[in-house]
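Peer 1: predicted coordinates and the sequence they were generated for:
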Amino acid sequence: MDGDARGFRVALVAGELINPPDGGVDALAVLAQEDWGAIQLPAAEYPDDVAEPLLEQAAEQAEEFARHGYTLALVGHRDGLDEALRRYGLDTPPAIEPGSAEDLRAFLGALAG
Amino acid sequence: MPGVAFVAHCLLNQNSKTDGGARCPGVYSPLVEELRARGWRIEQMPCPELAFTGLNRFWAVKEQLDTSAYRRHCRRLATAVAGAVEVHVRRGDDVVIVGIEGSPSMGVHITSSDPTRGGRPEWPDGSGELSPGAGIYMEELTAVLAERGIDAPRAMGISHQLPDHDAAAERERLAALIEG
């Protein structure tokens, strides 16, 4: 991949950590610093009929990365994700519910090896 | 008033780009910084090409992707996103769309077009395929929103894959978009 800057690391991230409240863990900022990409999971506030197809699409895209050997992680929690991943033949990747940006940075660093 | 920006998948995940297209390892920070600085919420749209033609896809122009099957695929993805857009519009949130200029799928004002391209790949220098217009996913998203009685949100495309990309000008356009 000459001239291509991808990091080959992708995190499934709870919507609440993409758009954190004041003082919350800003997962997107840490991912950017640690050279990870993000697949956003629908926030819990969305009704089920809105969230379910979005969750399905997140799992569908995760499967394509897994198939090509990219490192996957889960940051935060999303009801229904485990089942959606299983429909695509995937186990839930290594996961963290980060209490701080430092927690998340250490977790991602360990996965990146 | 801060609102909600529905952004192209690759702006949060450059790993989804076609080989050779990733500009940074993961998150395209200029967009995130600009939205965050203004208090905007970020919602990521799916990458239609990633799920349909995969990570090993070739660069393509709009005509190569514009099949009934790909339209149905984009309609499926756009329908899911339109559901989320509708939640915010009905709530009174300001909503904008941020796509990718030059993309056959995610272009907002510039897509790529070459009716003759096909067969054994040849890689032209330059970007002669750039063409005014929207990509296929953006056309389907606009159509689905119209079916729900929702006017197309203000929209722009990030231009980092265009040969005349100007990062400062892009930030100014983004600021103008979200300020309405």
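Peer 2: Nice, I can see it.

Peer 1: can we go C-alpha only for contacts and neighbour counts from here?
Peer 2: Noted.

Peer 1: for the closest residue to A:Ala44 other than its chain neighbours, give me its contacts.
Peer 2: Take A:Ala44 and drop its neighbours on the chain: the residue closest to it by Cα to Cα, 6 or more residues apart in numbering or on different chains is A:Arg78, 7.3 Å away. A:Arg78 makes contact with A:14, A:41-44, according to Cα atoms under 8 Å, 6 or more residues apart in numbering or on different chains.

Peer 1: assumed A:Leu90 was part of a strand.
Peer 2: No: the assignment for A:Leu90, made by DSSP: H, G, I helix; E, B strand; the rest coil, is coil rather than a strand.

Peer 1: number of residues surrounding the residue nearest to it when sequence neighbours are not counted?
Peer 2: Leaving out its chain neighbours, the residue that sits closest to A:Leu90 by Cα to Cα, 6+ apart is A:Glu63, at 6.8 Å. Using other Cα atoms under 10 Å in any protein chain shown, A:Glu63 has 21 neighbouring residues.

Peer 1: look up how far B:Arg171 lies from A:Glu63.
Peer 2: Counting by Cα to Cα, to the nearest Å, the gap from A:Glu63 to B:Arg171 is 33 Å.

Peer 1: residues touching the residue nearest to B:Gly39 when sequence neighbours are not counted, list them.
Peer 2: Leaving aside its chain neighbours, B:Gly39 sits nearest to B:Pro2 (5.5 Å; criterion: Cα to Cα, 6+ apart). Contacts for B:Pro2 were tallied using Cα under 8 Å, 6+ apart; they are B:38-41, B:94, B:178.

Peer 1: could the residues you listed go into CSV alongside secondary structure, neighbour count and pLDDT?
Peer 2: As requested, the contacts of B:Pro2 are exported to CSV (DSSP: H, G, I helix; E, B strand; the rest coil; neighbours: other Cα atoms under 10 Å in any protein chain shown; pLDDT from 0 to 100):
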residue, secondary structure, neighbour count, pLDDT
B:Arg38, coil, 14, 93
B:Gly39, coil, 14, 93
B:Trp40, coil, 19, 96
B:Arg41, strand, 17, 97
B:Asp94, coil, 19, 97
B:Ile178, helix, 23, 92
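
Peer 1: picking up where we left off before, most surrounded residue in the contacts of A:Arg78?
Peer 2: Top of the contacts of A:Arg78 by neighbour number is A:Leu41, holding 29 neighbours under the definition other Cα under 10 Å.

Peer 1: where does it fall, phi/psi-wise?
Peer 2: Backbone dihedrals for A:Leu41, given as degrees, to the nearest 10, come out at phi -100, psi 150.

Peer 1: for the most centrally placed residue in chain B, which non-adjacent residue is closest in space?
Peer 2: Central residue of chain B (Cα atoms, centre = their mean): B:Gly99, 2.6 Å from the mean position. In space, B:Gly99 comes closest to B:Gly157 once its chain neighbours are excluded; the distance is 4.2 Å by Cα to Cα, 6+ apart.

Peer 1: just checking, what packs against the strand or helix carrying the residue nearest to A:Leu90?
Peer 2: If you go by DSSP states H and E, A:Glu63 is part of helix A:48-67. Using 3 or more Cα pairs under 8 Å, 6 or more residues apart in numbering or on different chains; DSSP states H and E, the elements in contact with helix A:48-67 are strand A:9-14, strand A:37-41, strand A:71-75, helix A:81-87, helix B:48-53, helix B:68-91.

Peer 1: how far off centre is that helix?
Peer 2: 11 Å (Cα atoms, centre = their mean, to the nearest Å).

Peer 1: so what's the nearest residue to A:Pro98 once chain neighbours are set aside up against?
Peer 2: Spatial nearest neighbour of A:Pro98, excluding adjacent residues (Cα to Cα, 6+ apart): A:Leu104 at 5.5 Å. Going by Cα under 8 Å, 6+ apart, A:Leu104 touches A:27, A:30, A:96, A:98.

Peer 1: again with B:Val87
Peer 2: Residues near B:Val87 by Cα under 8 Å, 6+ apart: A:Tyr46.

Peer 1: ok, back up a step: so for the residue nearest to A:Leu90, what's the pLDDT?
Peer 2: pLDDT, A:Glu63: 97.

Peer 1: check the gap between it and A:Leu72 for me.
Peer 2: Separation of A:Glu63 from A:Leu72 (Cα to Cα) stands at 10 Å.
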